[in-house]
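In: Take a look and give me a structure for this.
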Amino acid sequence: MAGRWTSGKSTVGMRRRKPLTVVTFAAMATLMTSAADAAKQARRVQATEATAPREAGEPIMAIVSIKSQQVTLYDAEGWILRAPVSTGVRERETPAGVFAIVQKNKDHRSNMYDDASMPNMQRITWNGLALHGGPLPGYAASHGCVRMPFGFAERLFDKTRLGMRVIISPEDAAPIDFSHPTLSLVTPNAETIAAAPLKAETLSREAADAAAAADETKKTAAAAARDSAPLAASLRKLERLKVRADAELAAAEKAVASAKTDQTKAKAEDRQQKAAAKAAELTTQFNAAKTDASSKLDAASTAKEAAKAALARKADTDKAALDAKLALEPVSIYVSRATRRLYVRRNTHKPAPDGGGVVFDATIEVPITIRDAGKPIGTHVFTAVARNDAGLRWSAVTIDKGDDAKNALDRITIPKEILDRIAPTALPRSSIVISDEPLSEETNYRTEFVAVLSDQPQGGFITRKPSEVLMADDSSYQQSDDGFGIFSQPSSAPPPRSARRGGYQPYYQPYPSMQRSWW
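Out: Here you go, the predicted structure:
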């Protein structure tokens with residue numbers, strides 16, 4: 001047996017045999033531990049904080065590499081900041097996909113994990129995923145969030161804005177300069193952009209005037225309705241009495257005609273005379289009351305129609321003012337092969353009614369034609385990073401290679417009516433996302449887009465409690481008079497099953513989460 005002397009009658013010339021098996025296993029365990037430690041140490045060495053050796057512009061996007069455990073910030077000219085991160089552990093993996101910052105809180109504390117401090121929190125989903133400061137052991141160790149070095153998270157907090165793109169990639173990814181005929185269609189008009197601020201201001205004033213006028217006409221109509229209500233009730237009562245008297249007269253006349261004896265006929269004629277007198281009196285009363293009330297009833301009807309017209313004008317001016325305000329914002333487009341639909345988002349900067357984040361306009365959602373719709377298209381993010389002589393300079397990031405970026409754009413056709421609405425005022429930071437994926441159920445009126453790669457682990461996403469949804473008729477929400485509110489007009493049909501993976505993700509919910517956070 002291992003670890004014992006060998007058997008035999010004589011031990012002369014024999015050597016003691018070492019416990020090879022025990023030593024070998026121990027050595028293997030030691031080697032494995034050392035290798036794991038070395039791997040962790042290697043990861044610590046690979047991901048370090050860095051700053052580009054140039055003056056940085058405003059960050060346009062952040063790309064998190066799960067593979068390298070690193071986040072990189074980019075402005076219009078390239079990378080500006082890098083830092084190590086710690087993403088989600090096994091079964092709590094940080095989902096790969098396309099996100100945007102939807103809320104910022106410098107002193108956030110978790111309400112899921114023992115009130116843990118999560119400083120300089122920048123939320124990317126309302127079910128609790130965020131970038132924030134935290135301890136970095138040199139490998140994936142979070143519950144799904146992206147931890148960053150504390151100092152780096154603090155510096156980054158003041159540099160970003162709500163709506164900034166956050167891309168989480170399973171592999172290393174970086175934007176490249178990119179041009180394509182489809183992108184060239186999104187060409188801003190300099191005169192339109194120059195006129196946009198004044199147009200927005202003018203239409204906002206018109207919307208405010210229309211709202212005030214609508215309010216006054218509504219009050220006038222309500223007062224006229226109150227004044228005319230007793231008259232209308234009196235007329236209805238007289239009309240009922242007149243109808244009854246006419247019926248009694250008709251019955252009396254029928255009785256006279258059918259009388260068989262003189263006595264019966266005399267009684268019927270007496271009844272007829274009384275019924276005729278009553279009917280005549282009620283007719284006179286009804287006609288007089290109707291004449292007296294007609295002016296007030298007509299005034300009430302006129303006021304009601306005026307109120308309807310004022311409300312219609314208010315709706316029209318609200319829409320015009322909204323479109324003018326949105327023209328001052330970058331536009332985001334999402335094209336889903338799974339649903340064959342195109343979605344548009346713009347930040348309204350209007351605080352959400354439940355106190356968290358801001359409202360993103362979602363009034364545009366249309367079907368879209370995708371060539372070879374049964375073939376994977378990948379996930380690609382095209383971003384307008386700056387203006388140039390041709391209009392806009394674009395970059396492209398691919399994080400899921402079903403098809404390359406050029407072919408993906410080749411395969412879609414953006415409807416002309418959409419281009420006509422968004423192209424003339426397209427600004428830097430605008431983006432077009434093309435993906436096999438449907439929008440996640442975490443996409444709602446307080447988010448830009450949330451789309452996760454369904455072939456990557458999502459433990460840190462699917463294990464969280466989904467956002468609760470405020471329906472449009474919920475009494476806790478009231479449309480404001482400045483043209484902003486819940487604008488989502490979602491498709492009522494569920495999305496088709498993904499042709500790429502045969503999987504199915506829940507369609508996005510158009511109305512908002514009411515919960516503060518679940519992490």
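In: ok but V344 is inside a strand, no?
Out: Yes - following the definition DSSP: H, G, I helix; E, B strand; the rest coil, V344 is counted among the residues of a strand.
In: give the contact list for the closest residue to it other than its chain neighbours.
Out: Taking Cβ to Cβ, 6 or more residues apart in numbering as the measure, V344 lies nearest to I364, with 3.7 Å between them; neighbours along the chain are not counted. Backbone N, C-alpha and C define where each C-beta goes, glycine included. Each residue near I364 by Cβ atoms under 8 Å, 6 or more residues apart in numbering is listed here: L342, Y343, V344, I418, R421.
In: Where does the residue nearest to the spatial centre of the chain sit, in terms of helix or strand?
Out: Most central in the chain under Cα atoms, centre = their mean is N444, positioned 2.9 Å from the mean C-alpha point. Secondary structure assigned from DSSP states H and E places N444 in neither a helix nor a strand.
In: what's the burial count for D298?
Out: D298: 12 surrounding residues under other Cβ atoms under 10 Å.
In: Name the helix or strand for it, please.
Out: D298 is part of helix 262-326 when elements are defined by DSSP H and E.
In: Determine the set of other helices and strands touching whichever helix or strand comes after that helix.
Out: Using DSSP H and E, the helix or strand that directly follows helix 262-326 along the chain is strand 332-336. Helices and strands in packing contact with strand 332-336 are listed as strand 341-351, strand 431-435; criterion 3 or more Cβ pairs under 8 Å, 6 or more residues apart in numbering; DSSP states H and E.
In: about what we covered before: tell me the pLDDT at the residue nearest to the centre of the chain?
Out: According to the model's per-residue confidence, N444 sits at a pLDDT of 91.
In: by contact count, what packs against the helix or strand hosting V256?
Out: Secondary-structure assignment from DSSP H and E places V256 in helix 190-258. Counting contacts by 3+ Cβ pairs under 8 Å, 6+ apart, helix 190-258 is packed against helix 262-326.
In: pLDDT of the helix it packs on, averaged?
Out: Per-residue pLDDT values across helix 262-326 average out to 86.
In: Any idea how far that helix is from the middle of the chain?
Out: Between the mean C-alpha location of helix 262-326 and the chain-wide mean there is a distance of 47 Å, by Cα atoms, centre = their mean, to the nearest Å.
In: which helices and strands sit right next to that helix?
Out: Contact analysis of helix 262-326 by 3+ Cβ pairs under 8 Å, 6+ apart lists helix 190-258, strand 341-351 as its packing neighbours.
In: at 6 Å what do you get?
Out: The helices and strands touching helix 262-326, judged by 3 or more Cβ pairs under 6 Å, 6 or more residues apart in numbering; DSSP states H and E, are helix 190-258.
In: mean confidence score for the helix it packs on?
Out: The average pLDDT for helix 190-258 rounds to 88.
In: so it versus helix 262-326, what angle?
Out: Angle, helix 190-258 to helix 262-326, by axes from the mean of the first three to the mean of the last three Cα atoms, to 10 degrees: 180 degrees.
In: Run the angle between the helix holding D298 and strand 341-351 for me.
Out: Put simply, helix 262-326 runs at 80 degrees to strand 341-351, going by the same axes, to 10 degrees.
In: Return the distance of S336 relative to T302.
Out: To T302, S336 is 50 Å away according to Cβ to Cβ, to the nearest Å.
In: Compare these two and say which one has the larger neighbour count.
Out: More neighbours surround S336 than the other of S336 and T302, with 25 against 13 (other Cβ under 10 Å).
In: The residue nearest to the more buried one when sequence neighbours are not counted - how many residues pack around it?
Out: On the basis of Cβ to Cβ, 6+ apart, the spatially nearest residue to S336 that is not a chain neighbour turns out to be P438, at 5.2 Å. Burial of P438, expressed as a neighbour count using other Cβ under 10 Å, amounts to 28.
In: Touching, P438 and R340? I think so.
Out: No - P438 sits out of contact with R340 when judged by Cβ atoms under 6 Å, with a separation of 10.0 Å.
In: Could you list the single helix or strand in this structure with the lowest mean pLDDT?
Out: helix 20-46 (a mean of 46; mean pLDDT, DSSP states H and E).
In: after that helix comes which helix or strand?
Out: Counting by DSSP H and E, what follows helix 20-46 is strand 50-51.
In: Distance check, the spatially closest residue to A309 that is not a sequence neighbour against K304.
Out: When the adjacent residues along the chain are set aside, A309 lies closest to T217, with 7.8 Å between them (Cβ to Cβ, 6+ apart). Distance check for T217 against K304: by Cβ to Cβ, it reads 9 Å.
In: ok, those two, which is more surrounded?
Out: Using other Cβ under 10 Å, the more surrounded residue of T217 and K304 is T217, with 21 against 17.
In: For I101, grab phi and psi.
Out: As for I101, its main-chain torsions (degrees, to the nearest 10) stand at phi -70, psi 130.
In: From A338, how far out is it?
Out: With the distance defined as Cβ to Cβ, I101 ends up 25 Å from A338.
In: tell me which element N105 is part of?
Out: When the helices and strands are read off by DSSP H and E, the one containing N105 is strand 103-109.
In: tell me what that strand is packed against?
Out: Using 3+ Cβ pairs under 6 Å, 6+ apart as the contact definition, the elements that strand 103-109 packs against are strand 117-123.
In: For the strand it packs on, which strands pair with it and how are they oriented?
Out: Strand pairing for strand 117-123, determined by DSSP bridges: strand 103-109 (antiparallel), strand 130-133 (antiparallel).
In: Pick the most buried one from the ones you listed.
Out: For the strands paired with strand 117-123, the stretch with the most neighbours on average is strand 130-133, a mean of 25; neighbours defined as mean count of other Cβ atoms under 10 Å.
In: Fine by me, we can end here.
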